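> just to be clear, the model below is a prediction. Sequence and coordinates:
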Amino acid sequence: MPILTRLPRLAGLAALACALSLSPALAQESGTGTTKPAQASGGGDAPTMGDWQTSTSLIQPSKYPPDFKHYDYVNPDAPKGGTLNRAVVGSFDSFNPYVVRGSAAAGFLNFGGGLNYDTLMEQSTDEAATSYGLIAEATKYPADYSSVSFRLNPKARWHDGEPITVDDVIWSFNTLKELHPQWNAYYRNVVKAEQTGDREVTFTFDQKNNRELPNIMGDLTVLPKHYWEGVDASGKKRDITQPTSVPPLGSGPYRVANFSMGKSIEWERVPDYWAADNPTRVGRYNYDKIDYVYFRDSNAAWEAFKKGGLDDFRIENSSQRWAEGYDFPAAKNGEVVKATVDDHSVANMQAYVLNNRLPKFQDRRVRKALTLAFNFQEMNRTLFHGFYKRLDSYFANSELASSGPPSDRELKFLEPLRSQIPEEVFTKTFTLPNYDTPGATRTFLKEAYDLLKEAGYKRKGTGLVNSKTGEPFTIEMLGDDPSDNRVLEPFARNLERLGIKASVRIVDQSQYIDRLRNFDFEVTSLAYYPQSLSPGNEQRDYWSSKAADSPGSRNYAGVKNPAVDQLVNDIVYAEDREDLMAATHALDRVMLWEYYVVPQWYNDKMWLAYWDKFGMPEEQPSYTSIDPYAWWVKGSKDTAAAD
């Protein structure tokens with residue numbers, strides 16, 4: 001199961017995603033009163049709209065005041081030194097994460113700065129949907145949200161000592177929109193970027209009352225215009241539209257020190273990093289080096305972790321391994337520590353994703369039949385040690401998940417769409433089959449077969465065929481790791497009981513990524529990018545009709561539904577938190593009843609295993625649950641003082 005990178009609105013946590021082995025969306029069983037928006041810092045009265053402010057929040061007044069020194073959970077005296085070792089599955093052939101071509105090296109992320117770049121604002125690790133100043137020391141916007149301005153920090157510098165300028169910001173915005181459909185879609189409502197002061201840049205929108213736009217502009221990764229428009233050591237002009245084998249100039253806490261293309265990359269801490277005293281940085285980024293080593297598959301990466309010295313910690317996503325695999329000597333003698341951490345984040349949708357662009361999946365009855373055939377309870381019991389919970393929402397483990405009958409506020413969004421969406425949205429509570437009930441197997445498989453008959457299929461021998469054409473109903477399930485067989489084959493066997501010939505095909509990671517980008521698959525098992533507690537513009541890239549026809553978008557399921565498009569817009573233009581939640585509930589209901597994917601499972605715990613080489617703060621961040629960049633290596637200089 002592929003493990004995908006960070007989504008918009010979590011972009012400010014991109015560097016944290018790097019620490020988690022490029023896996024903020026860690027797939028389980030990898031096989032992968034009105035709240036006022038955009039309030040300024042806590043500890044005092046919020047400023048009037050249009051005032052400069054040092055933080056923004058989409059959910060509540062931000063936790064920290066304008067003059068805060070560091071996050072509460074960090075150790076501001078944490079020592080610097082030592083090496084963080086990380087194992088990565090796959091390979092890389094580029095240091096440019098902003099183009100569709102190529103596979104970028106660990107530490108570079110296509111959304112957010114990663115280790116190499118900083119963003120205008122930094123999303124907080126300690127609270128949801130909240131950002132604090134980084135390259136931009138302050139931001140402001142009018143009450144109608146028709147634009148947003150950022151005032152740049154005069155200290156902001158590139159690694160070559162050149163200042164980060166308004167021109168860099170404007171060039172980055174225009175360039176990124178041209179480079180990748182993801183950025184073009186995300187910023188499609190931004191019509192102009194211009195300099196409006198000595199250190200001030202303003203983005204103007206083509207609409208009003210899109211509450212999220214000022215915030216997501218703060219997620220913008222700023223790139224060095226003078227570098228990319230310059231020439232390389234051989235005198236050849238650099239080209240940001242192409243993959244590159246030369247590590248580019250950055251502004252972030254680390255820079256590339258050494259690499260072996262496709263095999264390993266070593267990052268070194270920048271000793272004169274311009275933002276070292278920024279409150280979002282104090283007590284963090286403590287390692288002198290971060291080394292990533294690549295392995296062919298997840299089993300090889302696991303062996304590297306057990307060996308030691310190649311992978312210092314891992315977020316375990318295999319229930320079998322968590323239950324049975326930590327019996328090697330280092331785990332028994334305490335050199336490797338296991339910890340279970342409550343996961344407070346929205347559970348990302350993990351599913352067997354059906355490619356609804358294909359004719360065979362365009363009938364809702366077929367999609368429902370496939371959902372009915374999936375026996376989660378048996379897999380959870382026999383394969384997963386009963387650890388997991390069934391996903392029954394695109395926003396599970398949060399207040400954004402729909403439940404019970406629609407509320408009056410939800411009906412405000414649903415009623416105008418009644419003729420376009422399933423009637424069950426209004427009359428029934430969505431449930432998934434429970435195979436632990438008596439007679440469940442016979443009941444659900446019969447219901448599934450009856451739906452397939454209604455959709456034009458019939459039995460022929462042991463197989464299922466199209467009643468008109470005689471074409472067999474076949475499904476190819478695509479994976480990118482041998483361990484994917486563990487979650488794909490049981491579902492394939494379930495489908496074979498209906499006469500569907502289901503096969504599993506495992507390809508290498510680069511081929512898998514290319515096929516996923518171009519929607520060249522029938523069914524795959526993946527964990528979608530995590531949802532935030534403040535969904536917004538990124539939903540267009542996940543579910544809109546336009547994204548369904550845009551290679552490189554994240555609408556993997558190929559959802560093309562005018563009702564879904566409208567509900568996404570209702571989320572984007574929600575006037576307050578209550579409307580945002582109601583519109584999200586409404587979208588959740590429609591997506592579930594359309595059966596675009598077959599939901600799998602989630603874990604409301606984070607399974608952490610690490611070699612006992614780290615010092616850690618007593619507390620961890622309340623939002624991200626862990627922050628490996630706030631750890632330090634025991635034995636580093638000044639460790640005694642830090643402890």
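Now that the structure is in, tell me what you want to look at.

> the most far-flung residue of the chain relative to its centre and Pro472, how far apart?
Distance from the C-alpha centroid of the chain peaks at Gly461, with 44.1 Å (Cα atoms, centre = their mean). As judged by Cβ to Cβ, to the nearest Å, Gly461 and Pro472 stand 10 Å apart. No exception for glycine: its C-beta is placed from N, CA and C like everyone else's.

> what's the neighbour count on the closest residue to Pro562 other than its chain neighbours?
Nearest non-adjacent residue to Pro562, counting by Cβ to Cβ, 6 or more residues apart in numbering: Gln420, 6.3 Å away. By other Cβ atoms under 10 Å, the residues close to Gln420 number 12.

> now do the contacts for Gln420.
561-563 (Cβ atoms under 8 Å, 6 or more residues apart in numbering).

> what about Ser483, which SS state?
In three-state terms, and counting by DSSP: H, G, I helix; E, B strand; the rest coil, Ser483 is helix.

> turn the contacts of Gln420 into CSV, including secondary structure and neighbour count.
Below are these laid out as CSV (DSSP: H, G, I helix; E, B strand; the rest coil; neighbours: other Cβ atoms under 10 Å):
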residue, secondary structure, neighbour count
Asn561, coil, 21
Pro562, helix, 11
Ala563, helix, 21
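
> among those, which one lies nearest to Gly197?
Pro562 (42.3 Å; Cβ to Cβ).

> distance of that closest one relative to Arg589?
Using Cβ to Cβ, Pro562 is found at 16 Å from Arg589.

> which residue ranges of the stretch 201-350 of the chain form helices?
With DSSP state H, counting those that start in this stretch as the criterion, the stretch 201-350 of the chain has helices at 213-217, 225-228, 298-307, 319-320, 329-332.

> now, of the ones you listed, which is deepest in the fold?
helix 213-217 (a mean of 25; mean count of other Cβ atoms under 10 Å).

> where along the stretch 251-400 of the chain do the strands fall?
254-260, 264-269, 289-295, 313-316, 336-342, 350-354, 389-390 (DSSP state E, counting those that start in this stretch).

> wait, which of the ones you listed is closest to Val487?
Short answer: strand 350-354, nearest of those by Cβ to Cβ, at 8.5 Å.

> just give the strands next to the closest one in its sheet, each with its orientation.
When pairing is defined by DSSP bridges, strand 350-354 lines up against strand 523-527 (antiparallel), strand 597-599 (antiparallel).

> closest to Gly615 out of the ones you listed?
Nearest to Gly615, of those and by Cβ to Cβ, is strand 523-527 at 31.1 Å.

> helix or strand right after that closest one?
helix 538-543 (DSSP states H and E).

> any idea how far that next one is from the middle of the chain?
When distances are taken as Cα atoms, centre = their mean, to the nearest Å, helix 538-543 is centred 12 Å away from the chain's centroid.

> which strands and helices sit next to it?
helix 181-186, helix 545-548, helix 562-572, helix 577-594 (3 or more Cβ pairs under 8 Å, 6 or more residues apart in numbering; DSSP states H and E).

> reformat the strands of the stretch 251-400 of the chain as a markdown table; add mean pLDDT and mean neighbour count.
A markdown table is the format used below for the strands of the stretch 251-400 of the chain (pLDDT from 0 to 100; neighbours: other Cβ atoms under 10 Å):
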| stretch | mean pLDDT | mean neighbour count |
| --- | --- | --- |
| strand 254-260 | 98 | 17 |
| strand 264-269 | 98 | 21 |
| strand 289-295 | 98 | 21 |
| strand 313-316 | 96 | 22 |
| strand 336-342 | 95 | 14 |
| strand 350-354 | 97 | 25 |
| strand 389-390 | 96 | 16 |
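
> out of those strands, which is closest to Asp206?
Asp206 lies closest to strand 350-354 among the strands of the stretch 251-400 of the chain, at 32.1 Å (Cβ to Cβ).

> distance-wise, check the residue nearest to Asn258 when sequence neighbours are not counted relative to Asp604.
Once flanking residues are discounted, Asn258 sits nearest to Glu266: 4.4 Å by Cβ to Cβ, 6+ apart. From Glu266 across to Asp604, the span is 36 Å (Cβ to Cβ).

> so where is the stretch 1-150 of the chain shaky, pLDDT-wise?
For the stretch 1-150 of the chain, the stretches flagged by pLDDT under 70 are 1-49.

> cool, the chain as well?
1-49, 637-643.

> please repeat the previous calculation with a cut-off of 50.
1-13, 22-26, 30-47, 639-643 (pLDDT under 50).

> Tyr326 touches Lys338, doesn't it?
Yes. The criterion here is Cβ atoms under 8 Å, and Tyr326 meets it with Lys338 at 5.9 Å.

> any residues in contact with both of the two?
Ala609.

> just to revisit the earlier point, out of the helices of the stretch 201-350 of the chain, which gets nearest to Glu454?
Judging the helices of the stretch 201-350 of the chain by Cβ to Cβ, what sits closest to Glu454 is helix 319-320, at 36.7 Å.

> now Glu194: which helix or strand?
Element membership for Glu194, per DSSP H and E: strand 190-197.

> mind listing what's buried along that strand?
190, 193 (16 or more other Cβ atoms under 10 Å).

> which residues are in contact with it?
With Cβ under 8 Å, 6+ apart as the criterion, strand 190-197 contacts 149, 151, 166-167, 169-170, 173-174, 201-206, 213, 217.

> now with 6 Å, please.
166, 170, 173, 201-206 (Cβ atoms under 6 Å, 6 or more residues apart in numbering).

> try stretch 274-282
Taking Cβ under 6 Å, 6+ apart as the rule, stretch 274-282 contacts 68-70, 76, 122, 132, 155-157.

> re earlier: are any of the contacts of strand 190-197 buried, and which?
Applying 16+ other Cβ under 10 Å to the contacts of strand 190-197 flags 166, 170, 173, 201-203, 205 as buried.

> using CSV, lay out the residues you listed together with distance to Phe305.
Below are those laid out as CSV (distance: Cβ to Cβ, whole Å):
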residue, distance to Phe305
Val166, 45
Ile170, 44
Phe173, 40
Val201, 44
Thr202, 48
Phe203, 43
Phe205, 46
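
> need the contact list for Arg540.
185, 568 are the contacts of Arg540 under Cβ under 6 Å, 6+ apart.

> and it, how close does it get to Gln182?
11 Å.

> got it, and Arg390?
30 Å.

> check Leu176 too.
As for Leu176, its distance to Gln182 is 9 Å (criterion: Cβ to Cβ).

> also Asn258?
Asn258 is 30 Å from Gln182, by Cβ to Cβ.

> name the SS class of Arg459, please.
Assignment for Arg459 (three-state DSSP): strand.
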